[in-house]
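Participant: Structure of the sequence below:
(4 chains)
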There are 2 protein chains.
Amino acid sequence: MARHADPALPERRRSQILEAARECFRERGFRLSTIEEICAEARISPGALYRYFDSKADIIAAIALDARAEAEAMLERVNGSEGLIEGLAELARAFFETFDGDGDAALLADIWAEAARDPLLAKALLIRDQIAVGRLAAAIERAQRAGSIYPALPATEAAEALIAGLEGMALRRALRRENETSEAVRRYRSLALHILKPKR
Amino acid sequence: MARHADPALPERRRSQILEAARECFRERGFRLSTIEEICAEARISPGALYRYFDSKADIIAAIALDARAEAEAMLERVNGSEGLIEGLAELARAFFETFDGDGDAALLADIWAEAARDPLLAKALLIRDQIAVGRLAAAIERAQRAGSIYPALPATEAAEALIAGLEGMALRRALRRENETSEAVRRYRSLALHILKPKR
DNA sequence: ACCTGAACACCGTTCAAGT
DNA sequence: ACCTGAACACCGTTCAAGT
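Facilitator: So this is what the prediction gives:
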């Protein structure tokens, strides 16, 4: 008895649904998007959707984890690059742009609200977050040992502050419906400069 | 014809409902709290509730505005106090404590999610926020002129960064379900020190 | 003037029936 | 093995009827 007619199908269906959900959430947000709408967008029936996701919350959880994985990859690049400040500025630009426009800004807040209530999602996000903080802290220590920065705070604390600042700024931009990223990036860069105190 | 049997009744009903709603949101969060539960807690019927609030979202909007008004009052105290850093540390402690424990942490995120989607609430919060930033910036300028600090950034930018950092840290604490405020306050104080660079 | 609570509309989720 | 879509349960909101 063949277990899977097409072993790649489940993964394809999942991303098909996630794509549709992202589109809906972007337009109307998590609360106002209905399963029916997501199904219509994904060209699938409600019954089929629940074969691949446990609940509506489970869908936003998957989206949140994807976004974190992206942030992690960005930090990987920061760790690799020589100019720590430049890397951070690029990270900030990418982060602000990801959560830009009317829709995605709200998505960031939705993810947070969901995570604050769902312990499983919170735990999953936290693991990714710790990896991100760890990578940034490592990059800071490396630059510090190389003598190119003189951070104002211990590496881990500086990394935490930099990420908290980034997230706080992103949320404030969401509230203000700002679309212009350059000014925000400039401000973030300036904050990073004063936390990390590069030589020269 | 008497317009109001008791002119204070509407206000009393509103706070009675808000009190009940806060209690419910704290326990189960915005999404999972039902109007019926809020009504039971407030000892009032659904019909009566909708006489005082337009919708469920309208209730969280009122709670959000109350919280901002509190933050404003805290900043007023910071502006008054001589020790800017100490004032900020106290502000941070109060802020963290307000959004502490399992319930309220989520409430902060709920408010953000709601604001990101409801332009009217966003606008109302923004006005309050600008007042808060303005007050902090004024306090920074005053201390700067008095020669007690040498801020790393222009006053308004420093104020923005300090508030973004505070909000970012509060959300991260929410995700981690941290209850211990002292360590977070210490970290925030340290960040403020390095942004404001007080003399001595 | 203010309230009650049954009724309505809507939406997340399930499940019997199909291929 | 995978899907459909009608049915169910639940909850935000309204409104006719009461005092």
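Participant: Return the residues in contact with A:Arg68.
Facilitator: Applying C-beta atoms under 8 Å, 6 or more residues apart in numbering or on different chains, one finds that A:Arg68 lies in contact with A:Leu125, A:Arg128, A:Asp129, A:Ala132. From N, CA and C alone the C-beta is placed, and that goes for glycine too.
Participant: Take those and keep only those in helices.
Facilitator: Residues of the contacts of A:Arg68 located in helices (DSSP state H): A:Leu125, A:Arg128, A:Asp129, A:Ala132.
Participant: which intervals of chain A have sub-threshold pLDDT?
Facilitator: When residues are selected by pLDDT under 70, those of chain A lie in A:1-5, A:80-82, A:101-105, A:200.
Participant: Residue of it nearest chain B, please.
Facilitator: Closest approach of chain A to chain B (C-beta to the nearest C-beta) occurs at A:Gly168, with a separation of 3.0 Å.
Participant: Now that residue: which helix or strand?
Facilitator: helix A:155-176 (DSSP states H and E).
Participant: How about A:Ile44?
Facilitator: Here A:Ile44, judged by DSSP H and E, is contained in no helix and no strand.
Participant: next one: the one 3 residues further on
Facilitator: Per DSSP H and E, A:Gly47 falls inside helix A:46-52.
Participant: helices or strands next to that helix in the packing?
Facilitator: For helix A:46-52, the packing partners by 3 or more C-beta pairs under 8 Å, 6 or more residues apart in numbering or on different chains; DSSP states H and E come out as helix A:9-32, helix A:35-42.
Participant: Which of the residues in that helix are classified as buried?
Facilitator: Of the residues in helix A:46-52, A:Leu49, A:Tyr52 count as buried by neighbour count, 16 or more other C-beta atoms under 10 Å in any protein chain shown.
Participant: so how far is that helix from its chain's centroid?
Facilitator: Distance of helix A:46-52 from the chain centroid (C-alpha atoms, centre = their mean, to the nearest Å) equals 26 Å.
Participant: quick one, the helix or strand just after that helix and helix A:9-32 angle?
Facilitator: On the C-terminal side of helix A:46-52, the nearest following helix or strand under DSSP H and E is helix A:56-80. Helix A:56-80 and helix A:9-32 are oriented at 100 degrees to each other (axes from the mean of the first three to the mean of the last three C-alpha atoms, to 10 degrees).
Participant: Any part of helix A:56-80 near DNA strand D?
Facilitator: No: judged by C-beta under 7 Å from any atom of the strand, helix A:56-80 stays clear of DNA strand D, getting no closer than 13.1 Å.
Participant: quick one on the thing from earlier: output the contacts of A:Arg68 as TSV; include the columns distance to B:Ala113.
Facilitator: As requested, the contacts of A:Arg68 are exported to TSV (distance: C-beta to C-beta, whole Å):
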residue	distance to B:Ala113
A:Leu125	15
A:Arg128	20
A:Asp129	19
A:Ala132	22
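Participant: Just the closest of these to B:Arg177, please.
Facilitator: Using C-beta to C-beta, A:Leu125 is the member of those that sits closest to B:Arg177, with 12.1 Å.
Participant: tell me which of the ones in helices among the contacts of A:Arg68 is nearest to DNA strand C?
Facilitator: The closest of the ones in helices among the contacts of A:Arg68 to DNA strand C turns out to be A:Leu125 (C-beta to the nearest atom of the strand; 19.6 Å).
Participant: Angles on the backbone of the residue nearest to that closest one when sequence neighbours are not counted, please.
Facilitator: On the basis of C-beta to C-beta, 6 or more residues apart in numbering or on different chains, the spatially nearest residue to A:Leu125 that is not a chain neighbour turns out to be A:Ala115, at 5.4 Å. The phi/psi pair for A:Ala115 (degrees, to the nearest 10) reads phi -70, psi -40.
Participant: Likewise for the one 3 residues further on?
Facilitator: With angles defined as degrees, to the nearest 10, A:Asp118 sits at phi -100, psi 100.
Participant: Spatially, which residue comes closest to it, not counting chain neighbours?
Facilitator: A:Ala57 (6.1 Å).
Participant: A strand includes A:Gly147, no?
Facilitator: No: A:Gly147 sits outside any strand when classified using DSSP: H, G, I helix; E, B strand; the rest coil, being coil.
Participant: list the contacts for it?
Facilitator: Residues in contact with A:Gly147 (C-beta under 8 Å, 6+ apart) are A:Lys199.
Participant: ok, it to A:Asn79 distance?
Facilitator: For A:Gly147, the distance to A:Asn79 equals 18 Å [C-beta to C-beta, to the nearest Å].
Participant: Look up the closest residue to A:Gly87, ignoring the ones flanking it.
Facilitator: Sequence neighbours aside, A:Val78 is the residue nearest to A:Gly87 in space, at 3.6 Å (criterion: C-beta to C-beta, 6+ apart).
Participant: got a list of what that neighbour touches?
Facilitator: Counting by C-beta under 8 Å, 6+ apart, A:Val78 makes contact with A:Leu84, A:Gly87, A:Leu88, A:Glu90, A:Leu91, A:Arg135, A:Leu136, A:Ala139.
Participant: quick one: the closest residue to A:Glu141 other than its chain neighbours and DNA strand D, what's the gap?
Facilitator: Spatial nearest neighbour of A:Glu141, excluding adjacent residues (C-beta to C-beta, 6+ apart): A:Ala155 at 4.7 Å. A:Ala155 is 45 Å from DNA strand D, where distance means C-beta to the nearest atom of the strand, to the nearest Å.
Participant: try A:Leu107
Facilitator: Distance check for A:Leu107 against DNA strand D: by C-beta to the nearest atom of the strand, it reads 21 Å.
Participant: so which strand or helix has that residue?
Facilitator: Per DSSP H and E, the secondary structure element for A:Leu107 is helix A:101-117.
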